[in-house]
Each structure stands twice: as C-alpha cells, then as structure tokens.
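> Dropping a prediction and its sequence here:
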Amino acid sequence: DLDRLLASVAVVGAGPAGFYTASQLLKNPDLRVDVFEQLPVPYGLVRYGVAPDHPDVKNVIQKFASLAESPAFRLIGNVTVGVDVALADLRAAYDAVVLCYGARGERKLGIPGEDSVSNSFSSRAFVGWYNGDPQHADLPVDLTCTDTAVVVGQGNVALDIARILLMPIDELAKTDIAKHALDTLAVSRIRRVHIVGRRGPVHAAFTSKELREMLALPTARLVADAAWLATQTSLYSDLLKKDRARRRLMELLLKGASNASVSHAESLKRWSLDFLLSPRGLVLDKSGGAIAGVEFEMNALSGEGLEQRAIGTGELKQIAAGLLVSSVGYQNRAIEGVRVDSKLGHIAHSRGRVDGEAALYVAGWIKTGPRGVIASTMYEAFETAESLLEDASHVL
Ligand code: FAD
C-alpha cells in the first residue's frame, strides 16, 4: 500500500511499456513520472528493433514525444538501473517504481562458435546494426563473401531480417536505415536466404502481415514445395478450422508456393522457409574462422497440434551459407533487486503488482515475457498503471 501522498513514480526503461505506463499515470494531475533509461535516447525497440521499412509502426514515437513535453514527465537517460543506481535507492526515493526494462537477454542456438566465428550474429545485434543502435554500429557484417544467408528462427524478427537482406536497395534507401548498413547492403552478394524453423509451417510464429511483405518482394521469390504444404494443411485441418489467423497464414503460404512454381526470371533472388530442422553445428571454411555452412538435424514431431515438440531423428543436413543470423527469441533477465521467475520467463506479478513487494510494479516484455507487439504492450501497460492508481486511490 502507498500510505502517503503519491507524488512521484519512477519508471525503469523508456520503451513503449515505459511511455504507455507514464501516459496513463499522468492522466492523474497529482503525479509526476521520472523515466530512467540506460541509453542516451528513448523509445527502446521502437527505435532499435522495429524494421526501418515499417515507418507506420515507428509513428508511435510522435505520441511518446508529445507526452515527454509534459512538465510532469522527466526522462533521465544514460542511467542503467542496477548499475548506476540501485533499485533499492529508487524505491526509497520514489513512492512507487514501475519496471519496464524489457528483455535484456536473448536465446542462443547452443552450438559451438556461434558467438566467435565471423559473420555469425544474434538477431539483437544484427537488427541493432541496421537500425543504428550505437552498441552494434561496428558489427563486422560482410555481405560480399557469400551468396547465401541462413536465418534460424521463424518469427517476425526472422522475417524482418530476411526482408532487409532481400529488399531492393533503392527501396531501403528511402527508409531511415543506418547509413553504414545501407552501404554494406548496397554491395551485398546475398541472393538466397533460408529461414529455418525446428517445427512445421503451422507452428511458425510469424504473422500474415510479415509473410505478405516477403511474398510481395519485387526482387525475390519464394522457393517452396506446394504439394508438401498442401499435405500439411490437410494434416492439421482440425486445428486450422479453429484458428482463423493460422488458417489464413497457411492459405497465403500455399498461394505463394503455387505462384512460385510459375516460371520466374532467373535474375530474382530466392528465399525459403525450411522446416523441421534444428541447428547442431557450424561448418567452417578452410581458415577455420568463417562460416561455410550450418549443420542441422532433421526433426520429427511428437505430441498434438500446436503443442507438438521437435524430436531429432539423428539424420543430418548441411546448408551452405556464409552468413548466419540466429533469431530464436529474446530473454528476460533480472536486474539487482528483482527475480525473473524461470518457469514463467518474466517477473511474477498479479495485474502488474510484483509478487511479494509493495509499491513495485512491472509492465511490458519484462511483465509478459518477450513476446507481443506494441499494441499488446500498450494494453498490458495500461493494466499496470490501473493497478498502481487503484493501490494509491485512497491518497490521490
Ligand atoms: P523495450 O522496447 O525493449 O524497452 C525497454 C527499455 O528499457 C529500452 O529502452 C532499454 O534500453 C531500457 N533498459 C533496459 N535495461 C535497463 C536498465 N537496467 N536501466 C534503465 N533502462 C533499461 N512490435 C510491433 O508492434 N510492430 C513491429 O513491427 C515490431 N517489430 C519488432 C522488431 C524487433 C526486432 C523486435 C525485437 C520487436 C518488435 N516489435 C514490434 C515488438 C515491440 O518492439 C515490443 O512489443 C515492445 O518494444 C516491448 O516494449 P518494452 O517497453 O517492454 O521493451
């Protein structure tokens, strides 16, 4: 319970969760909100995650910027909570603290060399590189040494990366992509992108919008086995009947695959969704320092429907490639003074109130786990702000 006049709230993290939480709180004229951000600039993944060719998505920045003009709002940049200032000190100085610091970590493929071999990158680094994140501006991306890229993961981030690799350079030049990335992409020799997942097409995590964008690429075409995709559609017909979004996705994929069989100019680049494969190792070039390919184990599926798990069959398959981007998900990490529940994958809470703590709240990816879009982040942030205002209602 907040037992004195609630005057000031500290928000940790200036991503969408931080801004949406602040926007709800500031509807109450008795409140002041200070947002602490580790970077010198705000907006989190809207700035350094969302793809540069999605300007409509980045438009929320304008709303956030106008909120920041409120005299009751302060942004304190270049301060990493848990390093530069202890969470305990913030909790002592403010009436309430809302943790909105997002997902600080990422999942690994778990294969030797993924972090040390040249031209092997995590999606966080690669996406940060093309979005001008100063932490990744010097990423040594070489797109001249190979014509094939492997992206491991089949979520929207994987499709963003594949799209950026395949988009016409003059289209990219119209976006706010970082200059160093545009220069590197301008001399790219990449003509083939494999987007690899451990399960099947009905399990893929990308959405129709991102798939449609891939299918609409003017300079690249999908390589796919339409007959196999049709078999998958009938195999999962019960599931697809109940799940409209997934059915739509399969229909799109099938349509794309059927169009792909119509002859296309050889000059087009190509991309594919490669299913039922788990990475097991890197294939290195003769020097031993650069990627020549990725070795995968072929999977079978066990269980039912969407819950099915990938089980290795022991059969191996290599995909020759000189660029690897692993895009298998972000991961929540604790900062000093809080615990991330390892089973839940986020800080344990009830409607945004951190379990077992007074006047400590959580919103955004650190509340839900690293999934969901800006809109869902907004609703979750509103719920947290409501909980806080409810707890403080007797003093406000
Ligand atoms: P974040 O946006 O990560 O913000 C967290 C902030 O906290 C960051 O600014 C970080 O620097 C800061 N921080 C971290 N640790 C500390 C600390 N210790 N002290 C102080 N500050 C700290 N959604 C869409 O709707 N459309 C899209 O097209 C889209 N594209 C995406 C592309 C990528 C590559 C990714 C990864 C996500 C994308 N999303 C998209 C999802 C969207 O970005 C998230 O839903 C949203 O950003 C989550 O908000 P958040 O505030 O919880 O986290």
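Received, thanks. Because the structure is a prediction, the values reported are computed rather than measured.
> what's the neighbour count on the closest residue to the ligand within the stretch 151-300 of the chain?
Closest residue of the stretch 151-300 of the chain to the ligand, Cβ to the nearest ligand atom: Val157 (4.2 Å). Any C-beta I mention is one placed from the backbone N, CA and C, and that applies to glycine too. Counted with other Cβ atoms under 10 Å, residues neighbouring Val157 total 25.
> following the helix or strand containing it, which helix or strand comes up?
Using DSSP states H and E, Val157 maps to helix 156-166. Counting by DSSP H and E, the next helix or strand C-terminal to helix 156-166 is helix 169-173.
> State the mean pLDDT of that following helix.
For helix 169-173, mean pLDDT is 97.
> Can you tell me the centre-most residue of the chain?
Val157 (5.1 Å; Cα atoms, centre = their mean).
> How is the nearest residue to Arg198 once chain neighbours are set aside assigned, secondary-structure-wise?
Nearest non-adjacent residue to Arg198, counting by Cβ to Cβ, 6 or more residues apart in numbering: Ala310, 4.2 Å away. Here Ala310 is recorded as strand under DSSP: H, G, I helix; E, B strand; the rest coil.
> How about the one 4 residues further on?
When classified by three-state DSSP, Gly314 comes out as strand.
> Spit out the contact partners of it.
Glu297 (Cβ atoms under 8 Å, 6 or more residues apart in numbering).
> Name the residues of this protein found near the ligand, please.
Within the chain, the positions near the ligand by Cβ under 6 Å from any ligand atom are 12-18, 36-39, 44-46, 49-50, 54, 57, 80-82, 100-102, 104, 127, 157, 160, 335, 364-365, 372-374, 377.
> I'd like the distance between the closest residue to Tyr130 other than its chain neighbours and Gly322.
With Cβ to Cβ, 6+ apart as the criterion, Tyr130 has its nearest non-adjacent residue at 4.0 Å, and that residue is Ala181. The gap separating Ala181 from Gly322 is 18 Å, by Cβ to Cβ, to the nearest Å.
> on that earlier part again, on the three-state scheme, the residue nearest to Tyr130 is what?
At Ala181 the chain is in helix, as set by three-state DSSP.
> How many neighbouring residues does it have?
Neighbour tally, Ala181, other Cβ under 10 Å: 22.
> Please apply the same query to Ala10.
If you count neighbours by other Cβ under 10 Å, Ala10 ends up with 24.
> what do you get for Phe19?
Phe19: 32 surrounding residues under other Cβ under 10 Å.
> does Gly356 sit in a helix or strand, and which one?
Here Gly356, judged by DSSP H and E, is contained in no helix and no strand.
> For the residue nearest to Arg198, which residues are in contact?
Going by Cβ under 8 Å, 6+ apart, Ala310 touches Arg198, Arg199, Leu276, Ser278, Asn299, Ala300, Leu301.
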